[in-house]
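> pasted the sequence and its predicted model underneath.
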Amino acid sequence: MTNFLNRKIAAGKARIAVIGLGYVGLPLAVNFAKKGFQVFGLDKDTDRVANVNKKVSYILDIPSKELAEVVGNGRLRAETEFEVLKTADVIIICVPTPLKRKYTPDITYIVSAVRTIRRFLKKNMLIVLESTTYPGTTEELIKPELEKSGLKAEKDFFLAFSPERIDPGNPKYDVTRIPKIVGGLSAASGELTQLLYQKIIRQVHLVSSARAAEMTKLLENTFRIINIGWVNEVAMMCHKLGIDVWEIIEAAKTKPFGFMPFYPGLGVGGHCIPDDPLYLYWKAKHHGFSSKFIKLSADINSNMPRYVADCLAGILGKKKKRLSGARLLIVGVTYKKDVKDLRKSPPLKLIEILQGKGARVEYYDPIIPYLDIGGIRLSSIKLSETLLSRYDCIIIATDHTRVDYKDILKHGRLIYDIRNVYAGVRSNKVVKF
């Protein structure tokens, strides 16, 4: 059985279905299609499916030209109907895994996808989960669910986990250049999955099990949330001590070993970093272990917008102004530089908090034309000298290549800079942590 599927993958003849055409699924689908595989992209979002088939990309990392090439030659087709799964040899699951209350993973999308796959499961099929989740999901949840079909994992079909490592908007590391981790339910599943991804990715690292691959992803993202939480705590500490945290970070960076710079900001955004470590926190608690680092870091980061709002109230108070009624401009609302992604973006939480305190908040972001926050629709303003001079405070929340910060510094009366990556704008008008 292994040899049959092995030969099909090696020859580029395996038919691949990708469930979920978001930031993870679409790049995978396009790159497999570019290598000559027949790929079917499946998504319940009719707009996504229509855009793929119209050759219009909605993902920053996939130019419409690349999409048009593989759709035009018939190598990639998008569908909303899942019957096409019965013709697939490989199915890759790339659905979201949000959090419920009390840090509980919401695996609804994974379960739904797996139950759909079960209807079309056949012998010699490889199923790969890419959705980030807690250790044990592949073995404890997906395997039993698929085996309700009557087929047995590792005897009739193969099952593996390979965590996504997409970095949206990073031109240096697209999906083909980021080393890939794979772990199978058995050695055979792991080796098949490694062979599959080697077709599009330069380096594929095989670990001993699906559980090890699941844990690897959570270690990576937990490392980041803890270090971001730590540097945000340092920022608040330096603020109290009257020390410039940016100067401290730049000085520490001169050490050629044993230090990696992280930068203070409004917290963490996107799908991965705010949620993924909490899957591990939740799973560990079920085994009688409480991870204090994860919980503390998550709490510090989630509290940063409120901390910044309090800082703004203090800054305005020194100018004999109240936060209630103050005219404020937020510059940059995405969670990451030049990436059109608002998922859990901390500036949105800051705007909501400031609105709740009675501030008159507007925003400027060249790639986000409008927002809907708490039922209030906001549109990105058009920058002008006259308009900038009217604000009581301008808050630089995220960095953008297309923003002329010199213009803002020149015309704004008071600037509060909380960008995640400090871009070197220095002025005695800038108030930093």
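Right, received. Where do you want to start?
> mind giving me the packing neighbours of the helix or strand harbouring residue 66?
Counting by DSSP states H and E, the element that carries residue 66 is helix 64-72. With contacts taken as 3 or more C-beta pairs under 8 Å, 6 or more residues apart in numbering; DSSP states H and E, helix 64-72 sits against helix 25-34, helix 46-53, strand 76-79. To be clear about C-beta, it is placed using only N, CA and C from the backbone, and glycine gets the same treatment.
> run through who's touching it.
With C-beta atoms under 8 Å, 6 or more residues apart in numbering as the test, helix 64-72 has contacts from 26, 30, 33-34, 39, 52-53, 55-57, 76-77.
> just stretch 161-168 next, same as before
23-24, 27, 60-61, 94, 128-132, 137-138, 173, 175, 178-184, 193, 197, 210, 213-214, 216-217, 220, 270, 336, 339, 341.
> any idea how far apart the tips of it sit?
21 Å (C-alpha to C-alpha, to the nearest Å).
> hmm, back to that, the helix holding residue 66 vs helix 46-53, what angle?
Relative orientation of helix 64-72 versus helix 46-53 (axes from the mean of the first three to the mean of the last three C-alpha atoms, to 10 degrees): 80 degrees.
> report the rounded mean pLDDT for helix 64-72.
For helix 64-72, the mean per-residue pLDDT is 97.
> how much does that helix deviate in direction from helix 25-34?
Angle, helix 64-72 to helix 25-34, by the same axes, to 10 degrees: 60 degrees.
> could you give me the buried positions within helix 64-72?
Buried residues in helix 64-72, counted by 16 or more other C-beta atoms under 10 Å: 66-67, 69-71.
> with stretch 22-41 instead?
For stretch 22-41, by 16+ other C-beta under 10 Å, it's 22-34, 37-41.
> could you do stretch 127-136 as well?
Neighbour-count burial for stretch 127-136 [16+ other C-beta under 10 Å]: 127-135.
> same question, stretch 236-247
Buried positions in stretch 236-247, judged by neighbour count with 16+ other C-beta under 10 Å: 236, 238-239, 245-246.
> next step: these restricted to strands.
Cross-referencing the buried residues of stretch 236-247 against strands under DSSP state E gives no overlap.
> between those residues, which sits nearest residue 375?
residue 236 (31.5 Å; C-beta to C-beta).
> the closest one and residue 304: what is the separation?
Residue 236 sits 9 Å away from residue 304, going by C-beta to C-beta, to the nearest Å.
> now residue 198
Distance, residue 198 to residue 304, using C-beta to C-beta: 41 Å.
> one more: residue 93?
Distance from residue 93 to residue 304, by C-beta to C-beta: 33 Å.
> reformat the buried residues of stretch 127-136 as TSV; add pLDDT and distance to residue 299.
What follows is the buried residues of stretch 127-136, written out as TSV (pLDDT from 0 to 100; distance: C-beta to C-beta, whole Å):
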residue	pLDDT	distance to residue 299
127	98	36
128	98	34
129	98	29
130	96	29
131	93	25
132	89	21
133	89	22
134	89	20
135	92	23
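> which stretches in the stretch 1-150 of the chain count as strands?
Secondary structure of the stretch 1-150 of the chain (DSSP state E, counting those that start in this stretch): strands at 15-19, 38-42, 76-79, 90-93, 125-129.
> mind putting those in a markdown table, distance to residue 277 included?
Formatted as a markdown table, the strands of the stretch 1-150 of the chain follow (distance: least, C-beta to C-beta, whole Å):
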| stretch | distance to residue 277 |
| --- | --- |
| strand 15-19 | 25 |
| strand 38-42 | 29 |
| strand 76-79 | 32 |
| strand 90-93 | 21 |
| strand 125-129 | 19 |
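> surely residue 388 touches residue 327?
No - taking contacts as C-beta atoms under 8 Å, residue 388 lies outside contact range of residue 327: 10.8 Å.
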